[in-house]
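> structure, please.
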Amino acid sequence: TLAMLRDIAREEGLSFRMGVLEADIPRDLLNRAVQAGEVSPIHGMPDLTTEEVDAEDVALAAAEALLHPARHAGQTYRLGYDAKSYGEIAALMAQALAKPFRYEPQPPEIFLENMRAAGAEMAYMHCVYDHYKRYAARTIPGADDVFDNFPAIAGQEPVRWAQFIEKHRAAFDYEAAGSR
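Coordinates of the predicted model:
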């Protein structure tokens, strides 16, 4: 996403200072943990919904704001387009990959221990842990809200869960991952 913004800025001759907040778990760390069976949902939580925003959708919205600053000046855009429960996501993955997937909640302490064992940056993992507990307690207002603003922002539909799974099917194919 950051690279895409820099490329667009360079192509358009734009120069600006940009603050960057690193908020993603490194994909290679997450993929290794998933493949090793070290990452599981938290036990005792209701079947929560989660809305995924594809990083390319975020980049596209940011690019539109950079390319058309007058149109987007002063606007705040909330992104989130396809809320699904973990069980629903597992069913979509099973259908797309023709392999069994299931949602099995685990205690939050197991998540922290698995992240520690995987070598994750623990200050960030504690933030994820705290956020997950607040989310499960339903104390984050609007956490499952979905919106219909993306076509107006970017001129196209956002990536939905089924498309996201298909786009990243190699990362989710646990049998193929074991043979790599």
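> the helices in this protein, which residues?
For the chain, the helices defined by DSSP state H occupy 2-11, 27-35, 55-67, 69-72, 86-97, 108-117, 122-136, 150-154, 161-167, 169-172, 174-178.
> could you dump those into TSV with mean pLDDT, mean neighbour count and distance to G80 added?
C-beta here means a position set from N, CA and C on the backbone, and glycine is covered the same way. Output for those, formatted as TSV (pLDDT from 0 to 100; neighbours: other CB atoms under 10 Å; distance: least, CB to CB, whole Å):
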stretch	mean pLDDT	mean neighbour count	distance to G80
helix 2-11	76	13	20
helix 27-35	54	15	20
helix 55-67	85	17	10
helix 69-72	85	10	18
helix 86-97	90	17	15
helix 108-117	89	16	23
helix 122-136	86	14	13
helix 150-154	91	16	10
helix 161-167	91	17	12
helix 169-172	88	14	21
helix 174-178	72	12	27
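> D144: which of those is closest?
Closest of those to D144 is helix 122-136, at 9.0 Å (criterion: CB to CB).
> what about Q75, how many neighbours?
Using other CB atoms under 10 Å, Q75 has 9 other residues around it.
> per-residue confidence for it?
With respect to pLDDT, Q75 scores 82.
> list the contacts of it.
Shown in contact with Q75 (CB atoms under 8 Å, 6 or more residues apart in numbering): A65.
> just K167 next, same as before
D54, V159.
> and it, how far from S85?
21 Å (CB to CB, to the nearest Å).
> what does P141 give?
Noted for P141: a distance of 19 Å to S85, by CB to CB.
> those two: who's more crowded?
Applying other CB under 10 Å to P141 and S85 shows that S85 carries more neighbours, namely 15 against 6.
> residues in contact with the nearest residue to A162 once chain neighbours are set aside?
Leaving aside its sequence neighbours, A162 sits nearest to L92 (CB to CB, 6 or more residues apart in numbering; 5.6 Å). Contact analysis of L92 by CB under 8 Å, 6+ apart lists K84, W161, A162, I165.
> CSV for those, including distance to E121?
Listed next are those as CSV, based on distance: CB to CB, whole Å:
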residue, distance to E121
K84, 28
W161, 27
A162, 32
I165, 27
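> and of these, the nearest to A120?
I165 (23.9 Å).
> that closest one against M93, yeah?
Yes. If you go by CB atoms under 8 Å, I165 and M93 touch, sitting 5.6 Å apart.
> find residues that contact each of these two.
F172.
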